[in-house]
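S.K.: Model the following, please.
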Amino acid sequence: MLTVTAITDTQPNISQLKTILIVEDDPMMQVGLLMVLKRQPNLTAIAQAVNGNEAVSAALQHKPDIALMDIDLPGIDGIEATQQIKAALPDTRILMLTHHTNQTQVMAALSSGAHGYCVKGTNPEQLLAAITAVLSGSTYLDALVASCILQNLKTPLPDRHATDDINLTEREMQVLQELVEGKSNKQIAAQLGISVHTAKGHIEMILVKLEASDRTHAAVKALRLGLV
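M.R.: Prediction:
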């Protein structure tokens, strides 16, 4: 079974002040998140929203570095809000923070453009690790959903012709396997005995061939197609 808690290309690092939009309709959850963030000198909550429409408006107004996004919201849900925010603000990172742990919700969230998925009830340290990972360019998957999602996605799509035009080389397949297992470029290079620059080049070509927007999209697509 594949177990991934974070699919990452860089080590988490926040050296500058980062702004956060909190999208949550539960008042107690709002208070808890604010308390956690206030203890972090490089994180500041610049706005809050209690429904999906407010979330989009607040994001457009404040242009946060990251949004903590619930899924169950009045009006448009967090998945639709994420799609709208990412369309207008591609540099804003989105971390889903929700109680849902089923495959459908997780995949819908990731497909909408979210960069991470964290389950409510996680402790403050894990939440901050998720925020840091997402802000650092990584994709974070809570351990409660990661193994289930990746294992279920190992089942190939019914259309076996979907892989006919991909034509990955043997080396690209090796890199893809490492990528799906959550390895960084440095780890892939070390495992395969190649340079980090070469590993990066292979990953860029994999993204092109799979028509994937990023590493996570490539990993999910590879698993769904049964390539690894």
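S.K.: How is this structure divided into domains?
M.R.: The record assigns the chain these domain ranges, following automatic domain parsing: 6-151, 159-225.
S.K.: Go through these and pick out the most buried.
M.R.: Highest mean neighbour count of those: domain 6-151, a mean of 19 (counted as mean count of other C-beta atoms under 10 Å). No exception for glycine: its C-beta is placed from N, CA and C like everyone else's.
S.K.: how much distance is there from stretch 188-202 to the middle of the chain?
M.R.: The chain centre lies 23 Å from the centre of stretch 188-202; the measure is C-alpha atoms, centre = their mean, to the nearest Å.
S.K.: Ends of it, what's the gap?
M.R.: 10 Å (C-alpha to C-alpha, to the nearest Å).
S.K.: What residues does the closest residue to residue 185 other than its chain neighbours make contact with?
M.R.: Counting by C-beta to C-beta, 6 or more residues apart in numbering, residue 185 lies nearest to residue 199, which is 4.8 Å off, once chain neighbours are set aside. Neighbour list for residue 199: 175, 185, 186, 188, 189, 192 [criterion: C-beta atoms under 8 Å, 6 or more residues apart in numbering].
S.K.: thinking again about what came up before, may I see the domains of the chain organised as TSV, with mean pLDDT added?
M.R.: TSV is the format used below for these (pLDDT from 0 to 100):
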stretch	mean pLDDT
domain 6-151	87
domain 159-225	83
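S.K.: now the strands for the chain?
M.R.: In the chain, the strands defined using DSSP state E lie at 6-7, 18-23, 43-49, 66-69, 93-98, 116-119, 139-141.
S.K.: Packing partners of the longest one?
M.R.: Judged by 3 or more C-beta pairs under 8 Å, 6 or more residues apart in numbering; DSSP states H and E, strand 43-49 is in contact with strand 18-23, helix 27-38, helix 52-62.
S.K.: try the fifth one
M.R.: Applying 3+ C-beta pairs under 8 Å, 6+ apart, one finds that strand 93-98 contacts strand 66-69, helix 78-88, helix 103-111, strand 116-119, helix 124-135.
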